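[1] compute the structure for the input listed below.
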Amino acid sequence: MNIIIPVIVLAALGFLFAALLGVVSKKFYVEKSVKEQEVRNALPGANCGACGFPGCDGLAEAIAKGEAPVDACAIGGKAVADEVAAVMGLEASGSDDKKVAVVKCDGNCDAAKDQFTYSGLEDCRAQIALYGGKKACNYGCLGCGTCEKACPFDAIHIENGVAKVDRSKCVACGKCVSVCPKKIINLVPFKQKQVVICSSHDKGKDARANCSNSCIGCTICAKTYPEAFKMDNFLSKEVWGDDFDLELLKQAQEKCPNKCIEIFE
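    So this is what the prediction gives:
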C-alpha cells in the first residue's frame, strides 16, 4: 500500500493537470488565418531567425499582418519570395542575386602572429572583452569558432586557426556576420568573382610583420585591373560586380605578393 497510494495520487494529478492544460489551450487558442497558414507553408521551415522574427511561424504571422515584406526570408531567395507574394497578392521586390558569406581574413596559424597564448572560453567575443584579442593583427580572425557555433547550416568552420565558408552550404542567413566581433565576415553576391581576403588597414611594413598573408597596400592589383580593385586606406578592396575578365583577375591574383586575392569561377 505504501507504493500503490503514491502511484494512484500521481496518476490522478497527472490526469488533472492534463485536463487543465487541455481547457487552457482551447480557451487561449488563437486560430491562424488561412493566409498566414499558406505563407507558413511557403517558407522553408529552417527557423534560423535570420529574418529577425522568432522562426518561420513568427515571420508568417508578421507577413500575413503586413508587418514584414514578402521577401523577408533571408534563406528562401527569390523562389520563396515569389511564392509568398502570390499568397499575399503582391509582387516580390527581391532580386535573384544570391549571396554568400566571405571571411575577409586569411590569417591562419602559419601566417598570423599571436601576442600571447590564450586559455579561456572559446568565444571570440569573450576573448576580445577580456584580453582584446590574441592576434598581433587587430583586424584578424581570432579562430575561436563563434561564427561556426552560430551557423545553423554547418557552412562555416575553423580551419588552421581561421574561419572558412563552405559556399555550397551557405545560405547567407547572416548569423555569422552578426556574431563576429571583428566584423570581418561579409555577405557578397554569389556571382562575385574576386574577393580580397584581408581586412588590415595597417601600413605595409606593419601588416607584413603581423601576418604574412596580409594585404600590404602595394596597389599592384589595382594597377593590373583598376576596374576590379580599388585602394582604401592601405587596403585593396574588390569592386562589386560579376562582369569581370577572369584572365585579368587571375593576373592580379598571381601578381599579389601575399596571395590575398581569392577568385571564384
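[2] isn't residue 122 up against residue 144?
    Yes. In this structure, residue 122 is within contact of residue 144 by Cβ atoms under 8 Å, at 4.8 Å. In this view, the C-beta of every residue, glycine as well, is placed from N, C-alpha and C.
[3] of those two, who's got more company?
    residue 144 (24 against 14; other Cβ atoms under 10 Å).
[4] who's in contact with the more buried one?
    The contact partners of residue 144, by Cβ atoms under 8 Å, 6 or more residues apart in numbering, come to 122-124, 126-127, 158.
[5] buried members of those into PyMOL, please.
    With 16 or more other Cβ atoms under 10 Å as the criterion, this PyMOL line picks the buried residues out of those:
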select buried, resi 123+124+126+127+158
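[6] restricted to strands, list the contacts of residue 144.
    residue 158 (DSSP state E).
[7] put together JSON lines for the contacts of residue 144, with pLDDT and distance to residue 99 on each row.
    JSON lines is the format used below for the contacts of residue 144 (pLDDT from 0 to 100; distance: Cβ to Cβ, whole Å):
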{"residue": "122", "pLDDT": "92", "distance to residue 99": "28"}
{"residue": "123", "pLDDT": "95", "distance to residue 99": "26"}
{"residue": "124", "pLDDT": "95", "distance to residue 99": "22"}
{"residue": "126", "pLDDT": "93", "distance to residue 99": "29"}
{"residue": "127", "pLDDT": "93", "distance to residue 99": "28"}
{"residue": "158", "pLDDT": "97", "distance to residue 99": "22"}
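[8] where do the helices sit along this structure?
    In the chain, the helices defined using DSSP state H lie at 4-27, 34-42, 55-64, 77-88, 124-131, 146-150, 175-179, 204-210, 220-224, 246-255.
[9] using PDB, write out every CA atom in the second one.
    What follows is the C-alpha trace of helix 34-42 in PDB, where atoms were taken according to Å, rounded to 0.1, in the frame of the first residue of the first chain:
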ATOM      1  CA  VAL A  34      -5.800  30.800 -44.000                       C
ATOM      2  CA  LYS A  35      -3.400  33.300 -45.500                       C
ATOM      3  CA  GLU A  36      -1.000  33.000 -42.600                       C
ATOM      4  CA  GLN A  37      -1.000  29.200 -42.900                       C
ATOM      5  CA  GLU A  38      -0.400  29.500 -46.600                       C
ATOM      6  CA  VAL A  39       2.500  31.800 -46.100                       C
ATOM      7  CA  ARG A  40       3.900  29.500 -43.500                       C
ATOM      8  CA  ASN A  41       3.700  26.600 -45.900                       C
ATOM      9  CA  ALA A  42       5.700  28.600 -48.500                       C
END
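[10] nearest to residue 230, of the helices of the chain?
    Residue 230 sits nearest to helix 220-224 of all the helices of the chain, at 6.0 Å, using Cβ to Cβ.
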